[in-house]
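Novice: Pasting the sequence and the predicted coordinates here, then a few questions.
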Amino acid sequence: MSPAEQVEAPVELRAEIERQMALYPDSRSAALPALEAAQRVYGWCSPEALEEVAGVMGVTPAYLESVATFYDMLETKPVGRHNVYVCTNISCSLCGADELFAAVRDAAGEDAEFNVRAFECLGACDIAPMASVDGVYVGPLTVEDVPRMLDDIRAGRPVLADKQLATRLVADPNANSQQFPAHPIEEPA
Amino acid sequence: MTDALLFKDIDEPGLCTREVYERRGGYASLRKALAMEPEAVLAELEASGLRGRGGAGFAMGKKVSFLPKGSIDKYLVCNADESEPGTFKDRELMQKSPHMLIEGIVIASFAAGANRSFIYIRGEYVHQADVLDAALAEARDAGYVGENILGSEHSLSLLLQRGAGAYICGEETALLDSLEGKRGNPRLKPPFPANQGLYQGPTLINNVETLATVPTILDMGGAQYAKLGTDTSKGTKLVSVSGHVQRPGNYEIELGVPSREIVYGLAGGPPEGREVKCWFPGGSSSPVLTKDDLDLPYDFDSMAKAGSMLGSGAIIVVDDSTPILDVALKVAKFYRHESCGKCTPCREGTNWTVKTLERIETGEATPMDLEIMASVQEHIIGNCLCVLGDAMAMPIGSLIAKFRSEFEAHIEAARAASGLAPGASTPAPALAGGLA
């Protein structure tokens, strides 16, 4: 590629990546933060985004692609801008997560705003079944919570404010009491 | 049961701020440590008998002592990539008491002579990472982190790195690769990280809970801490209880209490009318135990003696309403998804285990498939660079061994339902991929 064809990263993205690179003894350590920064700008790690990051970091786009494809949270295809990760690992499944995931997927339907994914253990089995909405943990959820959850996201409100993990106590003996669904775990269709 | 140590003030409002943490006695242990010789701090850690809380249970003090002496660049890495299914204790500590972790890191770095440190937190923990970043800024401002900490000779940089979603990055060498900006592939060991770790330098890697316990040990004294727990499992442990229990959550217990006390006494046991069918004592990677094992003391050696492991201290309870095949399939699918693909036994073994379990579900399997699947597990164990494959093979192997009759009944029932029962013509088994 001749220098004339080189893709230039926007000034702010370049500054952020360079700031990250300076934090580490070896600047290549900034690959993950840099890709996350690019994803925040473009919504996903597009080929153009990878070229821009590569240009700042002095590595090849192919190298960054090998990194981006390894990690679940780096998107290598265009996706909706709101991430809804529904945990479907063992503890959440035992508490009805597979039905929950199906309900979220159906309710979101074709809405291009949403990136609905079944996710591996999100580390919040105390509020199973649960979901991470743009990084905010909510649970325990029932299928009845799903419409309100999506409405909150669409309206830009705090998502399910009464069910956010961040506000829960540890030592409250009743904090985690829950009812169980009558059915065993099922695989998402 | 002993008083809580790590969870003593856990619900104190504002504990995540420096002000409240200090009011509760925070950073006093750091001052105490910095007034001692590093060797004396290390001696306290060794005397405490503290074993790693991340999964392997290796003696923490010994791990520190493995680092070479001398004034070379040494690193300390805190493994906050808590991803073992069923585990959520580090999340609680980082969110509620981030300064306890930071204080532990600074003390441990002093004992190990490390001057650069990193916390590698899983990317999904957005809130916890934000809390930690804010606490770190406070700690730097107060002179607890940085150059010449509290006027001493000890300096330490501490940086929070966010992962991007990969279970394997909880494996210490994969974590190091990820921290270096690469794919999280495990490395060949030896060399061990204590000799050649981050950027090829000597590196101490410890779990969040392990490091967060360090200030308590300095405060109590190692010998006093060692009085808690059992002969070989000292101290208290955070246990994450989840699945079919009425009060899932994090509980701090003294090691050696009866498992029943945790599952029933603290977490309330399964809902009314149901019984424990099996339980994972240390995350989904641990071989399952049954309700007959509930009276075992919950400590490292008792779990090992029972053929399982304490692991990360994550108890997942499965009640008798759940088909064992569903449990096996969930577990196997997770490890198939998370295998990094570097070693053949793990990459192929996890895949074929899932396919075989699916054959059972669709009625294509015969009892022989059970033998093949059990033998696949045996061929994974010990044959890979890291233990991810083992982490599937151990629970799956134990499920087959302990619930063989249920698997066999499931095979027969599914065959009958699909018209493939004995006597019916059986289609050729799928030999190549793509048919399953």
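Specialist: Here it is on my side, so go on.

Novice: Which residue lies nearest the spatial centre of chain A?
Specialist: residue A:83 (4.9 Å; Cα atoms, centre = their mean).

Novice: Touching, that one and residue A:134? I think so.
Specialist: Yes. Shown here, residue A:83 and residue A:134 form a contact pair, counting by Cβ atoms under 8 Å, at 5.5 Å. For glycine as for every other residue, the C-beta is placed from the backbone atoms N, C-alpha and C.

Novice: those strands in chain A, which residues are they?
Specialist: A:82-87, A:114-119, A:131-133, A:136-138 (DSSP state E).

Novice: Of these, give the one that comes closest to chain B.
Specialist: Closest to chain B of these, according to Cβ to the nearest Cβ: strand A:131-133, at 6.2 Å.

Novice: I'd like to know the average pLDDT value across that closest one.
Specialist: The pLDDT scores in strand A:131-133 average 98.

Novice: Can you name every helix or strand that that strand contacts?
Specialist: strand A:82-87, strand A:136-138, helix A:146-155 (3 or more Cβ pairs under 8 Å, 6 or more residues apart in numbering or on different chains; DSSP states H and E).

Novice: For it, what is the distance to the chain centroid?
Specialist: When C-alpha coordinates are averaged (Cα atoms, centre = their mean, to the nearest Å), strand A:131-133 and its chain have centres 8 Å apart.

Novice: quick one: the residue nearest to the centre of chain A and residue A:74, what's the gap?
Specialist: 12 Å (Cβ to Cβ, to the nearest Å).

Novice: and if you look at residue B:181?
Specialist: Distance from residue B:181 to residue A:74, by Cβ to Cβ: 13 Å.

Novice: care to break the chain down by domain?
Specialist: Looking at chain A here, since you left the chain open. Domains of chain A are assigned by automatic domain parsing as A:3-68, A:82-167.

Novice: let's do chain B instead
Specialist: B:18-225, B:236-319, B:324-417.

Novice: Let me know the average pLDDT across the first one.
Specialist: For domain B:18-225, the per-residue pLDDT values average out at 97.

Novice: Taking the centroid of chain B, which residue is nearest it?
Specialist: Short answer for chain B (Cα atoms, centre = their mean): residue B:312, at 3.4 Å.

Novice: Now for that residue: which residues touch it?
Specialist: Neighbour list for residue B:312: B:53-55, B:82, B:84, B:86-87, B:89, B:207, B:240, B:282-283 [criterion: Cβ atoms under 8 Å, 6 or more residues apart in numbering or on different chains].

Novice: Could you save the domains of chain B as TSV and add columns showing distance to residue A:68?
Specialist: Below are those laid out as TSV (distance: least, Cβ to Cβ, whole Å):
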stretch	distance to residue A:68
domain B:18-225	9
domain B:236-319	27
domain B:324-417	15
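
Novice: ranges for the helices of chain A?
Specialist: Counting by DSSP state H, chain A has these helices, from start to end: A:11-23, A:31-42, A:47-57, A:61-68, A:90-94, A:97-108, A:146-155.

Novice: Of those helices, flag the one that's most buried.
Specialist: Sort the helices of chain A by mean neighbour count, taking mean count of other Cβ atoms under 10 Å in any protein chain shown, and helix A:90-94 sits at the top with a mean of 31.

Novice: helices or strands up against it?
Specialist: Applying 3+ Cβ pairs under 8 Å, 6+ apart, we find helix A:90-94 packed against strand B:236-243, strand B:314-319, helix B:324-338.

Novice: Confirm residue B:105 sits in a strand?
Specialist: No. Using DSSP: H, G, I helix; E, B strand; the rest coil, the secondary structure at residue B:105 is helix, not a strand.

Novice: Number of residues surrounding it?
Specialist: Residues lying near residue B:105 (other Cβ atoms under 10 Å in any protein chain shown) number 28.

Novice: give the contact list for it.
Specialist: Residue B:105 makes contact with B:76, B:78, B:117, B:119, B:156, B:158, B:211, according to Cβ under 8 Å, 6+ apart.

Novice: now do residue B:419
Specialist: Listed by Cβ under 8 Å, 6+ apart, the contact set of residue B:419 reads residue B:363.

Novice: longest helix of chain B?
Specialist: Under DSSP H, chain B gives helix B:344-362 as its longest helix.

Novice: That one: which residues count as buried?
Specialist: Buried residues in helix B:344-362, counted by 16 or more other Cβ atoms under 10 Å in any protein chain shown: B:345-361.

Novice: I'd like the helices and strands packed on strand A:131-133 written out as TSV, with mean pLDDT added.
Specialist: Shown next, in TSV, are these (pLDDT from 0 to 100):
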stretch	mean pLDDT
strand A:82-87	98
strand A:136-138	97
helix A:146-155	97
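
Novice: Could you dump these into CSV and include distance to residue B:149?
Specialist: Below are the helices and strands packed on strand A:131-133 laid out as CSV (distance: least, Cβ to Cβ, whole Å):
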stretch, distance to residue B:149
strand A:82-87, 38
strand A:136-138, 34
helix A:146-155, 44
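
Novice: what would these look like in a markdown table with distance to chain B?
Specialist: Shown next, in a markdown table, are the helices and strands packed on strand A:131-133 (distance: least, Cβ to the nearest Cβ, whole Å):
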| stretch | distance to chain B |
| --- | --- |
| strand A:82-87 | 7 |
| strand A:136-138 | 7 |
| helix A:146-155 | 15 |
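
Novice: that older thread, and for the longest helix of chain B, what are the contacting residues?
Specialist: So helix B:344-362 is contacted by B:325, B:328-329, B:332-333, B:335-336, B:339, B:341, B:365, B:369, B:372-373, B:376-377, B:379-380, B:383-384, B:388-389, B:392-393, B:396, B:407, B:410-411, B:414, B:418, B:430, B:433, B:436 (Cβ under 8 Å, 6+ apart).

Novice: angle of it against helix B:324-338?
Specialist: Here helix B:344-362 runs at an angle of 150 degrees relative to helix B:324-338 (axes from the mean of the first three to the mean of the last three Cα atoms, to 10 degrees).

Novice: tell me which parts of the stretch 201-350 of chain B are close to chain A?
Specialist: B:240, B:242-244, B:246-250, B:268, B:271, B:284, B:314, B:316, B:318, B:321-323, B:326-327, B:329-331, B:334, B:337-338, B:340 (Cβ under 8 Å from any Cβ of the partner chain).
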